[in-house]
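A.B. asks: Just need the structure, nothing else, for what follows:
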Amino acid sequence: MKDLAEKSKTLAPLRRLLGNYVLENSAIIFAAERGSGKTLLGLQACIAISAKWPSLWNEPIEYHGNTLFINCELSEDTMSRRLGQLFEAPPKEIGSSEYHSYVYTTKKGLEEEAQAIIELSMIQKPVLIVLDNFRVAFLNSDTNNGKEVAKAMHLILTLRDLLDTTIIITDHTRKHTRNLLTDSDLQSGSGVKSDLTDSDMFLRRSKLDIQYRILKRSKSRHCEETDGAKLIRLNPDTLWFEFVQDDIDEAQHIGTEVMPVKEEQKDLARELRDQGKTIEQIAKILNRGKGTIHRWLNE
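C.D. replies: Numbering: from 1, shown residues only. A predicted model of the protein is given here:
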C-alpha cells in the first residue's frame, strides 16, 4: 500500500474531455431515454474533442485528439445523413485540424470486432471511443444476466487499458422510469455495468419543452458527485445540442408528481429484484413502503 501511495505522487491529474462528465482513461456508461438523442450527443462530443474546441455545453475540454465512434445501431446511410446535418451548421468551426473523428460501422458483436478495433486504434490512437450501444454490441449476451454483463464489461475495460483511452458506452434507461429522479439504477439490464465502470451519466427528456434534455452525472470514482443537472436544448434544424443552464432542479423537469401507474411499478419492482436489488433498495427507488414491495413481489 505504501508503494502505491508513493506512486500516486507521480501521477498527473486526469484531464477532462467533457468537464467532469468525461475524464481521461475512464469507462463511462451513458444511459438515455429512447429517442432522446444519445447518438447525436456522442457524435457531437467526438467532433468537439477532435476539432480542438475549448468547451462544449459549458464544460471544458482539456484533452484533444482523434476520436472513434463505433456505430452498431444505425445504417451507414442514416449515419451519413445525421453527420451531414451536424457538419452543415456547427456552433463552432470544425475545419481541418491535426485530429479527426472516425466512424466504424458494424453489425457484428464487439467480441468479433475487437481485434479490428484494436488495430485501427493502434494507428489512429483515439483519446475517446464511443460504443453505440451496449445491447447491440453484445447482442448474443443476456444483458440482464450479471455474469454475462460482467464478461462484456471486462472486454470493454480491457480495451480501455490496452488502448489507453476513454470509452463511453451508450445504453438505455429502464422502462417505466420516466417519472423517477436520476439514479444509477435507472440503467436497463444488469446493474453490474454501473458497478464496473468509472462513472455514469444520463440524458433525459424534460416535461417543460419538447426539445429540452437533462444531462446529469450520477456515480463517479474520480471526482465529486453532484446533485445538480445540466439543461441543454436540441436544435431540430441543426441537430446540435445547445447549452441552456447549469445546476437546474431536475424534479421541475421530470414530473415526479406523476408516478407510473401501479402495474408499471410492479413490473419495475420485479425487474429490480431480478437484478439483485433488496426490498429496501427497491422501496427507496420507487418511493414505496417495504411492505408494499414485499406484497407485490409475492403476487
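A.B. asks: So for this structure, the centremost residue is which one?
C.D. replies: Against the mean C-alpha coordinate of the chain, by CA atoms, centre = their mean, the closest residue is residue 30 at 0.8 Å.
A.B. asks: Residue 230 contacts residue 206, correct?
C.D. replies: No - applying CB atoms under 8 Å as the test, residue 230 and residue 206 come out as separate, 11.4 Å apart. All C-beta atoms are positioned from the backbone trio N, CA, C, and that covers glycine.
A.B. asks: Which helix or strand lies directly C-terminal to the longest helix along the chain?
C.D. replies: Once the chain is assigned using DSSP state H, the helix that runs over the most residues is helix 146-163. Next along the chain after helix 146-163, taking DSSP states H and E as the criterion, comes strand 166-172.
A.B. asks: any residues touching that following strand, and which ones?
C.D. replies: 17, 22-34, 38-39, 42, 45, 127-135, 137, 156, 159-160, 187-189, 193, 197 (CB atoms under 8 Å, 6 or more residues apart in numbering).
A.B. asks: Show me where this structure has its helices.
C.D. replies: Using DSSP H, the helices assigned to the chain run over residues 2-8, 38-50, 76-88, 110-124, 134-137, 146-163, 192-196, 251-254, 262-274, 279-286, 290-297.
A.B. asks: Would you tell me which of these gets closest to residue 66?
C.D. replies: Closest to residue 66 of the helices of the chain is helix 110-124 (CB to CB; 4.8 Å).
A.B. asks: for that closest one, which positions count as buried?
C.D. replies: For helix 110-124, a neighbour-count test (16 or more other CB atoms under 10 Å) marks 110, 113-114, 117, 120-121 as buried.
A.B. asks: before we move on, what about stretch 266-276?
C.D. replies: Buried, per 16+ other CB under 10 Å, within stretch 266-276: 266, 268-269, 271-273, 275.
A.B. asks: next one: stretch 214-233
C.D. replies: So, applying 16+ other CB under 10 Å, buried residues of stretch 214-233: 214-220, 229-233.
A.B. asks: Give me the residue ranges of the stretch 51-200 of the chain where confidence is low.
C.D. replies: Scanning the stretch 51-200 of the chain for pLDDT under 70 picks out 96, 174-191.
A.B. asks: Please render the buried residues of helix 110-124 as JSON lines that adds distance to residue 243 to the earlier fields.
C.D. replies: JSON lines is the format used below for the buried residues of helix 110-124 (distance: CB to CB, whole Å):
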{"residue": "110", "distance to residue 243": "32"}
{"residue": "113", "distance to residue 243": "34"}
{"residue": "114", "distance to residue 243": "36"}
{"residue": "117", "distance to residue 243": "32"}
{"residue": "120", "distance to residue 243": "32"}
{"residue": "121", "distance to residue 243": "30"}
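A.B. asks: Go through those and name the one nearest residue 65.
C.D. replies: The closest of these, once distances to residue 65 are taken by CB to CB, is residue 121, at 11.5 Å.
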